[in-house]
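>>> sequence first, predicted model second:
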Amino acid sequence: MNPHFRPVALDHASRLINHGPTVLVTTAHGARRNLMAAAWSMPVEFTPPRIAVVIDKHTFTAELAAASGMIGICIPGAAIAALVHAVGSESGRDHDKFERHGIAARPGPVLGVPWLEDGCIACLEGRLLREPHAEDAYDTWFAEVVAAAADDRVFSGGRWSVSDDHPELQTIHHLGGGLFARAGNVIRT
Ligand SMILES: Cc1cc2nc3c(=O)[nH]c(=O)nc-3n(C[C@H](O)[C@H](O)[C@H](O)COP(=O)(O)O)c2cc1C
């Protein structure tokens with residue numbers, strides 16, 4: 001795994017997605033595993049740390065998440081923006097995207113969902129909070145974060161330190177049509 005990863009206190013976990021980065025949602029169930037891009041995720045509670053992510057019902061990700069009751073959220077750095085777009089533009093139902101794209105992953109520390117080894121600056125594991133009525137009506141899934149880690153070059157002491165010294169480690173934000181903006185140019189107030 002990224003040797004710069006350090007555990008993140010769970011009461012700081014929501015800060016990892018507070019600024020709306022495009023994320024990779026990872027799943028595993030039985031012999032199958034998968035990942036997809038998601039631009040729509042957000043924190044919804046600090047303690048316990050809970051997040052929401054939109055996962056279209058028709059995706060293979062939704063199928064594996066429902067079957068396993070858990071998801072991983074990995075936050076890609078700008079270095080792998082093209083990979084994020086690729087895994088968000090194909091379904092893993094018929095092939096293993098990790099193999100197809102040469103993506104190395106290892107099990108997360110608590111639930112064992114895939115955490116990417118390279119190119120990501122933070123990863124979380126979440127246990128799904130099942131909401132049958134909401135699931136019928138919407139594609140929004142809620143999860144309680146049970147583990148988190150982040151690259152200490154850009155996240156430490158519970159805070160992001162966005163810097164133009166590491167453009168490849170900046171989070172990416174989807175503008176549509178495969179275009180992303182990096183988080184940078186911090187404004188201090
Ligand atoms: C940049 C980007 C952002 C995306 N954001 C979302 C999202 O927030 N929610 C969603 O359901 N699909 C989103 N998608 C589409 C899924 O990633 C896509 O349907 C994917 O192919 C599903 O793969 P799967 O069937 O292997 O799970 C996004 C795609 C891209 C490229």
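Noted; the coordinates are in hand.
>>> going by C-alpha atoms from here, please, whenever you check contacts or count neighbours.
Will do.
>>> contacts only, for Ala143.
For Ala143, the contact set (Cα atoms under 8 Å, 6 or more residues apart in numbering) comprises Arg50, Ile51, Ala52, Met70, Ile71, Gly126, Arg127, Leu128, Leu129.
>>> helix, strand, or coil at the second one?
Assigned state for Ile51: strand (three-state reduction, DSSP: H, G, I helix; E, B strand; the rest coil).
>>> partner residues bridging it?
Pro43, Ala143 (DSSP bridges).
>>> neighbours of it, just the number please.
Per other Cα atoms under 10 Å, the neighbour tally for Ile51 reads 23.
>>> over to the third one?
When neighbours are counted by other Cα under 10 Å, Ala52 registers 18.
>>> and the lowest-mean-pLDDT helix or strand in the chain with the ligand, contact?
Lowest by mean pLDDT, DSSP states H and E among the helices and strands of the chain is helix 132-137, with a mean of 84. No - if you take Cα under 6 Å from any ligand atom as the test, helix 132-137 misses the ligand, and the best it gets is 12.8 Å.
>>> now do that helix: distance to the chain's middle.
22 Å (Cα atoms, centre = their mean, to the nearest Å).
>>> shaky segments in the protein?
Across the chain, nothing is flagged by pLDDT under 70.
>>> name the helix or strand for the residue positioned nearest the centre of it, please.
The geometric centre of the chain, computed from its C-alpha atoms, lies nearest to Ile73 (Cα atoms, centre = their mean), at 2.5 Å. Using DSSP states H and E, Ile73 maps to strand 70-76.
>>> write out the residues of the protein neighbouring the ligand.
36-40, 54-56, 59-61, 85, 88-93, 174.
>>> please indicate which of those are buried?
Buried members of the residues of the chain next to the ligand, counted by 16 or more other Cα atoms under 10 Å: 36-39, 54-55, 60-61, 85, 88, 91-92, 174.
>>> mind checking which of those land in strands?
When those are checked against strands (DSSP state E), the matches are Met36, Ala37, Ala38, Val54, His174.
>>> any idea how many residues pack against Pro132?
9.
>>> gap between it and Ala66?
According to Cα to Cα, to the nearest Å, Pro132 and Ala66 sit 11 Å apart.
>>> number of residues surrounding the residue nearest to Ser161 when sequence neighbours are not counted?
Leaving aside its sequence neighbours, Ser161 sits nearest to Val154 (Cα to Cα, 6 or more residues apart in numbering; 4.9 Å). Val154 sits with 18 neighbouring residues when counted by other Cα under 10 Å.
>>> phi, psi for Val154 please.
Torsion angles at Val154 (phi, psi; degrees, to the nearest 10) stand at phi -130, psi -10.
>>> then Ser156?
Dihedral angles (degrees, to the nearest 10) for Ser156: phi -150, psi 150.
>>> what ranges do the helices span in this protein?
60-68, 81-87, 97-101, 132-137 (DSSP state H).
>>> nearest to Arg182, out of those?
helix 81-87 (9.7 Å; Cα to Cα).
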